[in-house]
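Student: Got a sequence here, can you build the structure:
(one chain, ligands or ions: 1)
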Amino acid sequence: MNATSRSGNNPKCPDMVLYGGPTSPFARMALVLGRELGIPFRYEVLNIYTAEFIDRLNPLRQIPTLIVGGDTAYYDSRVIFACFDRLSGRPSMLPGDDDAQATRIALLLGLTEACLHYRMEIIRPDGARSDETIAKQSQRIERCLDHLEGIADRIVEGPLRLEQIVAGCALEYIDFRFSTAWRARCPVLSDWSATFSRRPAMVESRPDE
Ligand SMILES: N[C@@H](CCC(=O)N[C@@H](CS)C(=O)NCC(=O)O)C(=O)O
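Tutor: Numbers count the residues shown, from 1 in each chain. Predicted coordinates for the structure are as follows:
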């Protein structure tokens, strides 16, 4: 199998494997949620571009993919969040019927997706890169960050929940793949992110690169 184990695996539950990548923000969100909820699963890092064995289970061949019992796959990240939340038996970390919170999560996931598209465009070879796409994704990222700072109190207050995990991973991904310049003009989010990023599950899952 084209995958390597990562620290923090739990041998008590060999039947549940979460596949992620070395830098995937969506896989990191699922990993952090699972760890925070105390879900016993193994985490395997793979190169999604060569991991053909995944195709049979998840024809999208994307990460995160959760494999249960060796042959049942759950994806995408939102489905895995719900699986983990239900399996934990703990008070739910999902937004439930709080549509405003669900919308903030959608915004944070959209921000992450915009940053991923930005990154994929930036690394295309000379001649294939589209300045238009880069500008479009950059503007979307900046708009999302400004909007999020305006509603930051709603994100940073209250108990640990999926919304905060998605926010913490999304903001670090912006630092990692886009820019840290947002921190100067988004002080509430920036300060909160600096504290949140010290949680053990965030430290354990931080990309090495
Ligand atoms: N909507 C999916 C997006 C997952 C996604 O885009 N994963 C990326 C890595 S961050 C991936 O697998 N890329 C490989 C590819 O699409 O070929 C989710 O939320 O899980």
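Student: doesn't Thr112 make contact with Pro25?
Tutor: Yes. Using CB atoms under 8 Å, Pro25 is in contact with Thr112, at 4.9 Å. No exception for glycine: its C-beta is placed from N, CA and C like everyone else's.
Student: Now do the shared contacts for those two.
Tutor: By the contact definition CB atoms under 8 Å, 6 or more residues apart in numbering, Pro25 and Thr112 are jointly contacted by Cys169, Ala170, Tyr173.
Student: How about the helix or strand containing the first one and the ligand, any contact?
Tutor: It stands for Cys169. Using DSSP states H and E, Cys169 sits within helix 162-177. No. Shown here: helix 162-177 not in contact with the ligand (CB under 6 Å from any ligand atom), separated by at least 9.1 Å.
Student: what does stretch 135-142 give?
Tutor: No. Applying CB under 6 Å from any ligand atom, one finds stretch 135-142 separated from the ligand by no less than 13.9 Å.
Student: doesn't Met16 make contact with Glu44?
Tutor: No. Using CB under 8 Å, Glu44 is not in contact with Met16, being 11.0 Å away.
Student: Leaving out the residues flanking it, which one is nearest to the residue positioned nearest the centre of the chain?
Tutor: For the chain, Phe26 is the residue whose C-alpha lies nearest the centre (CA atoms, centre = their mean; 2.8 Å). Excluding its sequence neighbours, the residue lying closest to Phe26 (CB to CB, 6 or more residues apart in numbering) is Ser77, at 4.2 Å.
Student: burial of that neighbour, as a residue count?
Tutor: Ser77: 23 surrounding residues under other CB atoms under 10 Å.
Student: Which pLDDT value belongs to it?
Tutor: Per-residue pLDDT puts Ser77 at 98.
Student: for it, what are its contacts?
Tutor: Ser77 makes contacts with Phe26, Ala27, Met29, Ala30, Pro64, Leu109, as judged by CB under 8 Å, 6+ apart.
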